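**Student:** what follows is a predicted structure for the sequence shown.
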Amino acid sequence: MLEAVYLLSSCVLFASIRILIWYFSLLPHIVAKSDRWDVIWRWYNVWVSWTHSLFAGATCLYCLYRDPDMLNNLNKNCDSAVSSFLVSASTGYFLYDAVDFLACVPISNAWDVLAHHVVVITCFVLVVKSGLFIPFAVVALLVEVNSIFLHARQLMRMAGLSHTVWYSLNMLTNIVTFIACRFISIAWMMRWFWHNAEDIDQPYYGVLATSLPVMYIINIILFFKIMSKDAKHILSIVKNFKSGIHNSWRKCQSHDHPPTCINSKMLRRD
């Protein structure tokens, strides 16, 4: 009963955040002057997603810090109120975001996001209802650590800040955390599932066997989308890095081996 209250309260909370962002007109100039409604909607949507990522990412790391054994026992009985609250509140957010997409975006343009949300909501509702596999859901929410930088990347691009140093730093952090918090964490869960499949009852077995490969495929597609858009930026950073190393090497060489030529004026005797 308490988990249901958390879930519904979370839906209301994130909808309220959306309204507050609209009320205070938290729009950058480049978005505010756009006459495209979908651009303005996207800004509000990503802002709300970013706030959830901050909450879920920080809370997830806290839960794993307090109980690191959850990483090895994804189906252990967990009596942590914080972990249960995290899963329930995140389920509410994904329900809110799915409704927001269905109401404002054609399904053909948002199938990957909706597929992700359907998988997550199915898993989390089952977890919240039964109280089992709470550690599994907490580890799955490690992806929100990466989402902090993923959503920040989108906000910076929309605000016209893609040529700043902060964008470059965020872009590199996004790539590193994407690999660590999405690819590696999901691979870790798949490995655990493979070794413990015999001990998992239905319907959990069917849900996990379906959701884990789907999540991995969705994240591979998302990663290639990000890399294709940031490829030019990444190549520019690599080029500048190589150029800096080359220039530093030349300076070192010039200091270690000063010119041997002697000016003829230096040989004159007064």
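**Tutor:** Done, it's in.

**Student:** shaky segments in the stretch 151-270 of the chain?
**Tutor:** Counting by pLDDT under 70, the stretch 151-270 of the chain shows low-confidence ranges at 238, 240-270.

**Student:** which residues of it fall in helices?
**Tutor:** 165-178, 185-196, 204-256 (DSSP state H, counting those that start in this stretch).

**Student:** put together TSV for the ones you listed, with mean neighbour count on each row.
**Tutor:** C-betas here are computed from N, CA, C, even on glycine. Putting the helices of the stretch 151-270 of the chain into TSV (neighbours: other CB atoms under 10 Å) gives the following:
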stretch	mean neighbour count
helix 165-178	16
helix 185-196	15
helix 204-256	13
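
**Student:** now these as a markdown table including distance to Val119?
**Tutor:** Listed next are the helices of the stretch 151-270 of the chain as a markdown table, based on distance: least, CB to CB, whole Å:
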| stretch | distance to Val119 |
| --- | --- |
| helix 165-178 | 18 |
| helix 185-196 | 12 |
| helix 204-256 | 5 |
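
**Student:** closest one to Val127 among those helices?
**Tutor:** helix 204-256 (8.9 Å; CB to CB).

**Student:** the helices of the stretch 151-270 of the chain: which one's closest to Leu8?
**Tutor:** Using CB to CB, the helices of the stretch 151-270 of the chain put helix 204-256 closest to Leu8, at 22.5 Å.

**Student:** circling back: compare the helices of the stretch 151-270 of the chain and give me the one nearest Asp38.
**Tutor:** With CB to CB, the closest approach to Asp38 among those belongs to helix 204-256: 17.8 Å.

**Student:** out of the helices of the stretch 151-270 of the chain, which gets nearest to Val139?
**Tutor:** Here helix 185-196 is closest among the helices of the stretch 151-270 of the chain (CB to CB), at 6.2 Å.

**Student:** tell me which other helices or strands that closest one touches.
**Tutor:** Contacts defined by 3 or more CB pairs under 8 Å, 6 or more residues apart in numbering; DSSP states H and E place helix 185-196 against helix 134-140, helix 204-256.

**Student:** contacts for that helix?
**Tutor:** 71-72, 74-75, 136, 139-140, 142-143, 200, 208-209, 212-213, 215-216, 219 (CB atoms under 8 Å, 6 or more residues apart in numbering).

**Student:** is His151 in contact with Val46, as I believe?
**Tutor:** Yes. If you go by CB atoms under 8 Å, His151 and Val46 touch, sitting 5.3 Å apart.

**Student:** who has more neighbours out of those two?
**Tutor:** His151 (22 against 18; other CB atoms under 10 Å).

**Student:** residues contacting Cys11?
**Tutor:** 92-93, 95-96.

**Student:** among the helices of the stretch 151-270 of the chain, which is nearest Met158?
**Tutor:** Judging the helices of the stretch 151-270 of the chain by CB to CB, what sits closest to Met158 is helix 165-178, at 11.5 Å.
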